[in-house]
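> quick one, structure for this:
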Amino acid sequence: MDDSGKNLLSGRWDRVVLKVSGEAFAGEDGYGIDGHVVQEIARQIVKVRSEFKVELAIVVGGGNIWRGMAGSGAGMDRAQADYMGMLATVINGLALQDTLEQLGQPTRVQSAIHMSQVAEPYIRRRALRHLEKGRVVIFAGGTGNPFFTTDTTAALRAVEIEAGAILKGTHSGIQGVYDADPRVHEDANLLDEISYIDVLSKGLKVMDSTAISLCMDNDLPIVVFDLMGDGNVGQILAGDPVGTLVS
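Just a heads-up that it's a prediction; the model follows:
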């Protein structure tokens, strides 16, 4: 890792994938891109990179702009609607890249859909080289295939780059995984840890079942936490009990 001259802390994992949903970019408006929210996400990333010896990749969603399922429900061809959603993730990726680089963090966007004017194509070995040089790599464009969510993209990319964990950032004040929906049940309890099998068998909306299965098959832990909680990413890397560990 190209962090010579810096006295950095060793984190819980040497390399992680941070999953940021598109809805998180929207803030309270629920759609579009809230510049203040993107600034806060970028600030936390830069802070972690300045404190920990960790290689950081990010997978972004696009639900703040377009969701393929919504288009499908409105009568559009599902594959076409999903491709539109992939393009939305590139928009979010470029917004996050711009904000990170304004804060001095070198960043590369790699897209599974080729668009050479704005992003590199996804190439695993090139992504690894960027990470080793201390750059943050943003994976956009989903997997490049319809019918797969960005949760599955996060699991796939994490396995490909041999990340130690996926940090699944939530929003709207959700702290992790609960034994009931906290938006409906005020007495819902936050779980410190849960197994992949329990997530699948109980139908918990942590990540989609394809993503959970891929993580389970590759022994890839997932930490579900509140992305907007100040310092949460750093606390997770320090080994503090933040959010819910799925393993």
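
> list the neighbours of stretch 24-31 that are in contact with it.
Contacts to stretch 24-31, defined as C-beta atoms under 8 Å, 6 or more residues apart in numbering, come from residues 23, 32-34, 36-38, 41, 60-61, 64-65, 92, 95-96, 169-171, 227-228. Backbone N, C-alpha and C define where each C-beta goes, glycine included.

> mind giving me the ChimeraX select for those residues, buried ones only?
Command for ChimeraX that selects the buried part of those, burial taken from 16 or more other C-beta atoms under 10 Å:
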select :23,33,34,37,38,41,60,61,64,65,92,95,96,169,170,171,227,228
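
> which of the contacts of stretch 24-31 fall in strands?
Counting by DSSP state E, these place 60, 169-170 in strands.

> beta partners of the nearest residue to residue 177 once chain neighbours are set aside?
Distances taken as C-beta to C-beta, 6 or more residues apart in numbering put residue 244 closest to residue 177, at 3.9 Å, once the chain neighbours are dropped. Residue 244 has these beta-bridge partners by DSSP bridges: residue 224.

> if I look at residue 244, how far off is residue 198?
Distance from residue 244 to residue 198, counting by C-beta to C-beta, to the nearest Å: 11 Å.

> likewise residue 109?
35 Å.

> more neighbours, those two?
When residue 109 and residue 198 are compared for neighbours, residue 109 comes out ahead with 25 against 14, by other C-beta atoms under 10 Å.

> hang on, that one in a helix?
No - assigned with DSSP: H, G, I helix; E, B strand; the rest coil, residue 109 falls outside any helix and is strand.

> so the residue nearest to residue 177 makes contact with residue 189?
No - assessed by C-beta atoms under 8 Å, residue 244 is found out of contact with residue 189, at 10.8 Å.

> those two: which has the busier surroundings?
Using other C-beta under 10 Å, the more surrounded residue of residue 244 and residue 189 is residue 244, with 24 against 10.

> so what's that one up against?
Per C-beta under 8 Å, 6+ apart, neighbours of residue 244: 176-177, 190-194, 223-225.
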